[in-house]
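Chemist: Can you look at this prediction? I've put the sequence above it.
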2 protein chains.
Amino acid sequence: MSASPRPAVTPEPPYYAVIFTSLRAEADRGYGAMADRMVEMASRQPGFLGVESVRDAESGLGITVSYWADESSIRAWQENAQHRLAQEVGKQVWYADYQLRVARVERAYGGPAGR
Amino acid sequence: MSASPRPAVTPEPPYYAVIFTSLRAEADRGYGAMADRMVEMASRQPGFLGVESVRDAESGLGITVSYWADESSIRAWQENAQHRLAQEVGKQVWYADYQLRVARVERAYGGPAGR
């Protein structure tokens, strides 16, 4: 399962966002399959609210934002064994650079209902 | 100026993130030029810390995350007249769907220094 190409539908704030920005190294080396698997696994975690993910094939820059009910859900997913393995391979093989930020969503607005 | 294709370099938390996820309508209709102009203007605002922006040309889904020192910097940028005009045109013309979320970044980790 890949993230659907729509803004995620999330409940009223507060909730949490994990903003993962990464610059890919050049070769794929199994990245695509692992990324799909991680999204599928995350979506079955307690507290998971949704995910948005985009990568620019040309520059290699990607942004994945996953949304969670609370910080303990995020911590549980970060400690998942298969996810930890993927994180390690990411650091060693897949990413030339990355930033992971955990943030508390305080307000949100959306469309097209807002038109 | 476009956002550079790297994860943004930001200070130690806490700071704020504006996560803007949008699904583009089909035609460009001046969008690209306006988006570049908005990034250039935002980067000159007080409290601006950085921006990351990626759009998938195929699906039309884009994620732009801008980082700010505090909420008052975000509010000042949201009230900027040219930005308000761009927001209105976005709602009416450019976006089939969008979500804007304001979040307080509480922790952050990065690489490649973390290897």
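Modeler: Everything's here; your move. Numbers count the residues shown, from 1 in each chain, chains lettered A, B, ... in the order given.
Chemist: Quick check: which ranges of chain A have low pLDDT?
Modeler: Residue ranges of chain A with pLDDT under 70: A:1-4, A:113-115.
Chemist: okay, the angle between the longest strand along it and strand B:95-111?
Modeler: Secondary structure of chain A per DSSP state E: the longest strand is strand A:95-111. In terms of direction (axes from the mean of the first three to the mean of the last three Cα atoms, to 10 degrees), strand A:95-111 departs from strand B:95-111 by 140 degrees.
Chemist: What separation is there between residue A:83 and residue A:16?
Modeler: 16 Å (Cβ to Cβ, to the nearest Å). C-beta here means a position set from N, CA and C on the backbone, and glycine is covered the same way.
Chemist: For the two, indicate the residue with more neighbours.
Modeler: residue A:16 (22 against 17; other Cβ atoms under 10 Å in any protein chain shown).
Chemist: So that one sits against residue A:101, correct?
Modeler: No. Here residue A:16 does not reach residue A:101: they are 10.8 Å apart, not a contact under Cβ atoms under 8 Å.
Chemist: Which parts of chain A are helices?
Modeler: Counting by DSSP state H, residue ranges of the helices within chain A are A:31-43, A:71-79, A:81-89.
Chemist: can you put those helices in CSV and add distance to chain B?
Modeler: Output for the helices of chain A, formatted as CSV (distance: least, Cβ to the nearest Cβ, whole Å):
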stretch, distance to chain B
helix A:31-43, 14
helix A:71-79, 8
helix A:81-89, 10
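Chemist: Out of the ones you listed, which gets nearest to residue B:52?
Modeler: Nearest of those to residue B:52, taken as Cβ to Cβ: helix A:31-43 at 17.6 Å.
Chemist: can you list contacts of the closest one?
Modeler: The contact list for helix A:31-43 (Cβ atoms under 8 Å, 6 or more residues apart in numbering or on different chains) reads A:1-3, A:24, A:48, A:51, A:53, A:66, A:77, A:80, A:82-83, A:86, A:89, A:94.
Chemist: Just the angle for that helix relative to helix A:81-89, thanks.
Modeler: Using the same axes, to 10 degrees: helix A:31-43 against helix A:81-89 is 140 degrees.
Chemist: coming back round to it: return the list of helices and strands in contact with the longest strand of chain A.
Modeler: Applying 3 or more Cβ pairs under 8 Å, 6 or more residues apart in numbering or on different chains; DSSP states H and E, we find strand A:95-111 packed against strand A:15-24, strand B:15-24, strand B:95-111.
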